[in-house]
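Student: Attaching a predicted model along with its sequence, questions to come.
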Amino acid sequence: MPTPMPVSDDSEPEVTADPAVGEPPNVEPGDAGASPSPGPVLYDAELDPTLDALPGTVVDPTLDPLDPILDPVDETRDPVDATLDPVDATLDPLDPLDPTLDPPLDTVPPKPGLLGVIALPGLALWRKNPIAGSLLFNAGVTAPLFALLMLLLHRQHIVGLVTQDNNSRGLGLVAIATITSRFIAVWLTADRVRDYDARRHLRLVGSLIVLTLALPAALIVYRMTQVNAAVHDVFQDSPTAGVVSAAPGQDPLAEGFHTVLMMGSDEGKSRLGLRTDTMILAMIHPDSGRAALISVPRNLKHLRFPPESAMGRKFPDGFTDDEGGLTNAIYITVENDPDLKVAYSRDGLEPGVLALMEGLSYSLGITIDDYAMINSCGFVTLVDAIGGVTIHVDKELPMPGKLNCSAYRLTPTIGPGDVFMDGTKALGYVRSRYADSDYQRMERQRTLIQTIASEIGIDDLLLHFTELYASIKENVRTSMTLDEANALVATLQDNDQQFQSVGLTPPLVEPGHPDYAAIKQLMQDIRYALATGQPLNLPTPTT
């Protein structure tokens, strides 16, 4: 393209002609008689006044001029394709399926609906407010599901789980979060509805449904609060309370075991006070989970005591009384003797029980860590509180007549087969002495203890806590802490656990003439078998 020549201030601009365009017209300035050239109009001064303000502007003749008669629309082009419909009537510009568009809130019901808002709180708010939606969903869905999973995984140890302080508080908080998140979700979702009647209906009906769900949640929180307050009335704070150690060197495996003396007592009208008719040593090896239940006969005679102890000084040749020196009479003997009661008073525990533990520990050569005692009245109310138990009875079992604290007179026999037992019938089941030996009677006691432990569940704690708590507080005494009691119940509830069950009865032990040296060796054999997993070979049946 030719380059325009420079123009000085005192001379007319010189334009170089392009051969393709032709010579520009030569019109002298100020020539009034000159007629306008028929050449193209390069600009319109009326439309563009800025050009007039630029004297000496060089116009490039190669540019296309503006044709004043040219239609602004190029007629050679079709501005609208006649084959296309400018508006597709099949498309709704506010189609709610279009994810980029938000439908009018007053024409579309809240999604996923009222039940969806309550079942999955926060889900309907997730797109508009993801933070609030995620918080409500986690509080109302994730946390309850996690708590439920924890309960299902520990369903065999449910009592221990819900009675631990941290767990009970955590479950209470989850229950509160479950209800609160649903209230908030209902009201926030209702705020998105523009129609007043629909918004009011959503809030009213949704709140009523959530309130209905709040009733069982409130019961859970209330029961958990009761549990936290109740455990301090029954259980001890110190894990060393009640420990009675064996003589030095006699129980080398004691550190690896937790041994609990479980007792059932009977205050009969024909008796002076309480006697421990049922005595079972629960010997638990926590590392392996193995355990043994060792039944001590009520008629085991002349229990020995350390020579320097109060009972050792009073009974240097073993315990004796007017009824032949039976072990089940030691408790009441100490409780009725002011000097002995003072001598065995410590840690707020039962003096008679501590004396009994001392005699068993010394005579059997083992350390006894804790005790738990329930009397017959508490036993009846405990079984009734959990709704009874079902036990398989192998053969027809004669039942005793009217028992102390029983609610009615028992039938002459029960069984064979599965027998449902309330508290009165269960007491008769463990107290029957007419059909078999003391060994079978003690075996029934062990079976019932395991059955009761396995039957106590979260429903009993929630629905029958008042009865359970009243029964335990009035009729159960123990030196265990809550954690120790939980561990014992968990062991008894373990259906996969194969317990060694040993009765210190003939032919293994002659209760009327016990060989305490042989019994001490037997106890160590049981300890060793549990610690190592070796089979325990005894002349009496074991399970």
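Tutor: Yep, that arrived.

Student: which residues touch R298?
Tutor: R298 is in contact with 275-279, 326-328, 438, counting by CB atoms under 8 Å, 6 or more residues apart in numbering. Placement of C-beta: from N, CA and C, glycine included.

Student: Give me the subset of those that lies in strands.
Tutor: Residues of the contacts of R298 located in strands (DSSP state E): 275-279.

Student: nearest to G352, of those?
Tutor: G352 has its nearest neighbour among the ones in strands among the contacts of R298 in T276, at 8.5 Å by CB to CB.

Student: Quick check: PyMOL command selecting the buried ones in the contacts of R298.
Tutor: Command for PyMOL, covering only those of the contacts of R298 found buried under the criterion 16 or more other CB atoms under 10 Å:
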select buried, resi 275+276+277+278+279+326+327+328+438
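
Student: Out of the contacts of R298, show me where the pLDDT dips lowest.
Tutor: Looking at those by pLDDT, the weakest one is D438, with 63.

Student: other SSEs contacting the strand or helix carrying A214?
Tutor: Remark: A214 resides in helix 196-234, with elements defined by DSSP states H and E. In terms of contacts (3 or more CB pairs under 8 Å, 6 or more residues apart in numbering; DSSP states H and E), helix 196-234 is packed against helix 114-119, helix 165-191, helix 458-463, helix 465-475.

Student: I'd guessed P416 sits against I391; true?
Tutor: No - if you go by CB atoms under 8 Å, P416 and I391 don't touch, sitting 11.4 Å apart.

Student: from what I can see F379 touches G428, true?
Tutor: No - counting by CB under 8 Å, F379 stays clear of G428, with 11.1 Å between them.

Student: if we can go back for a sec, and after the helix holding A214, which helix or strand comes next?
Tutor: Note on helix 196-234: by DSSP H and E, the next helix or strand toward the C-terminus is strand 258-266.

Student: Now do D370 against L125, distance only.
Tutor: For D370, the distance to L125 (CB to CB, to the nearest Å) stands at 53 Å.

Student: go on, D347?
Tutor: Remark: distance between D347 and L125 (CB to CB) = 57 Å.

Student: quick one, which of the two is more surrounded?
Tutor: The residue with more neighbours, out of D347 and L125, is L125; 24 against 13, by other CB atoms under 10 Å.

Student: Can you get me a residue count around the closest residue to that one other than its chain neighbours?
Tutor: Of all residues not flanking L125 in the chain, G133 sits nearest, at 4.1 Å (CB to CB, 6 or more residues apart in numbering). Counted with other CB under 10 Å, the neighbours of G133 add up to 20.

Student: Pretty sure G133 sits against V117.
Tutor: No - the pair G133 and V117 fails to qualify as a contact (CB under 8 Å) at a distance of 11.2 Å.

Student: so what's in contact with those two at the same time?
Tutor: What both G133 and V117 touch, as defined by CB under 8 Å, 6+ apart, is the set 123-124.

Student: sorry, back to before: CSV please, covering the ones in strands among the contacts of R298 and showing distance to T333.
Tutor: Output for these, formatted as CSV (distance: CB to CB, whole Å):
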residue, distance to T333
R275, 10
T276, 11
D277, 15
T278, 18
M279, 15
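
Student: Which residues does the helix or strand encompassing K520 contact?
Tutor: Assigned by DSSP H and E, K520 belongs to helix 516-532. Outside of helix 516-532, the residues within contact range by CB under 8 Å, 6+ apart are 250-254, 256-257, 283, 285, 287-288, 290-292, 294, 304, 363-366, 500, 502, 504, 508-509, 534-536.

Student: can you rerun that using 6 Å?
Tutor: 253, 256, 285, 290, 292, 363-366, 536 (CB atoms under 6 Å, 6 or more residues apart in numbering).

Student: Just the buried subset of those, please.
Tutor: Neighbour-count burial (16+ other CB under 10 Å) applied to these gives 253, 285, 290, 292, 363-366.

Student: Take the residues you listed and keep only those in helices.
Tutor: Assignment to helices by DSSP state H places the following of these there: 363-364.

Student: which of the buried ones among the contacts of helix 516-532 sit farthest apart?
Tutor: So, the buried ones among the contacts of helix 516-532 by CB to CB: farthest apart are R290 and S363, at 24.1 Å.

Student: hang on, the earlier thing: dump the C-alpha coordinates for the helix holding K520 into CSV.
Tutor: What follows is helix 516-532, C-alpha atoms only, in CSV (Å, rounded to 0.1, in the frame of the first residue of the first chain):
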residue,chain,number,x,y,z
TYR,A,516,-7.2,-77.8,103.2
ALA,A,517,-3.7,-78.6,102.0
ALA,A,518,-5.1,-80.5,99.0
ILE,A,519,-7.7,-77.8,98.4
LYS,A,520,-4.9,-75.2,98.2
GLN,A,521,-3.1,-77.3,95.6
LEU,A,522,-6.4,-77.7,93.6
MET,A,523,-6.8,-73.9,93.5
GLN,A,524,-3.3,-73.4,92.1
ASP,A,525,-4.0,-76.2,89.5
ILE,A,526,-7.1,-74.2,88.4
ARG,A,527,-5.1,-71.0,88.2
TYR,A,528,-2.5,-72.6,86.1
ALA,A,529,-5.0,-74.2,83.7
LEU,A,530,-6.7,-70.9,83.1
ALA,A,531,-3.5,-69.0,82.6
THR,A,532,-1.9,-71.5,80.2
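
Student: okay, the angle between that helix and strand 258-266?
Tutor: 120 degrees (axes from the mean of the first three to the mean of the last three CA atoms, to 10 degrees).

Student: Which positions within helix 516-532 qualify as buried?
Tutor: Those would be 516, 519-520, 522-524, 526-527, 529-530, for helix 516-532 by 16+ other CB under 10 Å.

Student: Closest one of those to T189?
Tutor: Distances from T189 to these, taken by CB to CB, are shortest for L530, at 59.2 Å.

Student: Pull up the per-residue confidence for the closest one.
Tutor: Confidence for L530, expressed as pLDDT, is 93.

Student: What distance do you get for it to A487?
Tutor: Where A487 is concerned, L530 sits at a distance of 15 Å (CB to CB).

Student: One more: A291?
Tutor: Counting by CB to CB, the gap from A291 to A487 is 11 Å.

Student: re earlier: more neighbours, F379 and G428?
Tutor: It is F379, of F379 and G428, that has more neighbours when counted by other CB under 10 Å, with 26 against 22.

Student: The residue nearest to that one when sequence neighbours are not counted: neighbouring residues, count only.
Tutor: Of all residues not flanking F379 in the chain, L427 sits nearest, at 5.9 Å (CB to CB, 6+ apart). When neighbours are counted by other CB under 10 Å, L427 registers 27.

Student: Could you check which helix or strand contains L427?
Tutor: For L427, the host element (DSSP H and E) is helix 423-431.

Student: D384 now?
Tutor: Using DSSP H and E, D384 maps to helix 376-385.

Student: Can you name every helix or strand that the helix or strand following that helix contacts?
Tutor: Downstream of helix 376-385, the next assigned helix or strand under DSSP H and E is strand 389-393. For strand 389-393, the contact count by 3 or more CB pairs under 6 Å, 6 or more residues apart in numbering; DSSP states H and E identifies strand 417-421, helix 438-455 as packing neighbours.
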